[in-house]
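A.B. asks: Below: sequence and its predicted model.
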Amino acid sequence: MENQFFNQQQPTSETIPTSMNHGAHEVMDVHEVLSSSIGALNMFVLLRPHVQDPELLNILDRQYAFMLDEYNITLECFKTGRDPSHPTRKYNMQIGNDSKYGLTPSQPKKPITSPNEINDGIISSFMLGQHKVLATGKTAAALEATNPVVRRVLQDSVPNCIEMAYELSLYQNKKGYYQVPQLSQQDMQTMLNMYGQAERAKNMPN
C-alpha cells in the first residue's frame with residue numbers, strides 16, 4: 001500500500017511541463033556550463049583588441065561566433081525543454097593538423113608583471129583554457145542530464161570544444177608557443193605493444 005501511494009506521487013516527464021523537465025543535478029550543472037560559456041565569450045571580447053597575428057584573430061573571430069551560437073541554443077533548449085531553433089552545428093577548423101614533435105631550448109615561461117607584456121602566445125593559451133573548461137563542464141552536465149534534448153545538445157557540443165582546443169594547440173605548436181615532446185623510439189614501440197586485441201569471454205553471448 002505504501003509503495004502504491006509512493007508511486008502515485010512521483011511526477012514523470014509526461015506529467016510535468018516540458019520547460020520543467022529537468023533534474024536538480026542537471027539544473028546545477030547546466031548553470032555552470034552557461035556561466036562558463038559567458039565567461040569564455042567575455043574573455044574572447046576582452047582579448048580581441050590585443051591580438052597581433054591575423055591568423056590568431058581569424059581563429060578568435062570564428063570561434064567566438066560559433067561559441068555564441070552554441071550558448072544560445074543551449075540556453076534555448078534548457079529554458080524550453082524542447083529542440084532548439086537549429087541542431088548543434090559542427091565546428092570545422094581552418095588549420096593543418098600537422099604537429100611539430102621534439103623539444104628545443106627556449107626561455108622559461110613565467111607570469112607577466114605588466115598588462116603590456118600580453119602577447120599572442122598568452123592570448124592563445126587563455127583561449128585554449130576556456131575550451132578545456134567547457135569540454136569538461138559539458139561532459140559532466142550531459143552525464144547528469146535527464147532532459148533528452150538538453151543532454152543531446154550538450155553531448156553534441158563537446159566534440160566542438162575539443163576541435164576548437166585542438167585548433168589552438170596546433171596554432172601554438174606552429175608558432176613555437178607549445179612544444180610536443182616525444183618518447184624515444186624504443187620506449188614508444190614498447191608502449192604501443194603493451195596491449196593486445198581482446199577476445200569475447202566464453203560465458204558472454206554473441
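C.D. replies: Good, I have the coordinates. Residues are numbered from 1 along each chain as shown.
A.B. asks: low-confidence ranges in this protein?
C.D. replies: Residue ranges of the chain with pLDDT under 70: 1-21.
A.B. asks: Apply 90 and report the result again.
C.D. replies: 1-29, 81, 95-98, 102-109, 202, 205-206 (pLDDT under 90).
A.B. asks: Spatially central residue for it, please.
C.D. replies: Ala135 (2.3 Å; C-alpha atoms, centre = their mean).
A.B. asks: Just to check, that one is in contact with Glu163?
C.D. replies: No. Applying C-beta atoms under 8 Å as the test, Ala135 and Glu163 come out as separate, 9.8 Å apart. The C-beta positions use only the backbone N, C-alpha and C, and glycine is treated the same way.
A.B. asks: Quickly list what's touching both of the two.
C.D. replies: Counting by C-beta atoms under 8 Å, 6 or more residues apart in numbering, Ala135 and Glu163 have no contacts in common.
A.B. asks: where along the chain do the helices fall?
C.D. replies: 2-9, 24-47, 54-80, 120-144, 148-175, 185-192 (DSSP state H).
A.B. asks: now those as JSON lines including distance to Pro111?
C.D. replies: Shown next, in JSON lines, are these (distance: least, C-beta to C-beta, whole Å):
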{"stretch": "helix 2-9", "distance to Pro111": "56"}
{"stretch": "helix 24-47", "distance to Pro111": "17"}
{"stretch": "helix 54-80", "distance to Pro111": "21"}
{"stretch": "helix 120-144", "distance to Pro111": "10"}
{"stretch": "helix 148-175", "distance to Pro111": "18"}
{"stretch": "helix 185-192", "distance to Pro111": "33"}
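A.B. asks: Which stretch among those helices approaches Asn203 most closely?
C.D. replies: helix 120-144 (29.7 Å; C-beta to C-beta).
A.B. asks: residues contacting the residue nearest to the centre of the chain?
C.D. replies: Counting by C-beta under 8 Å, 6+ apart, Ala135 has contacts 158, 161-162, 165.
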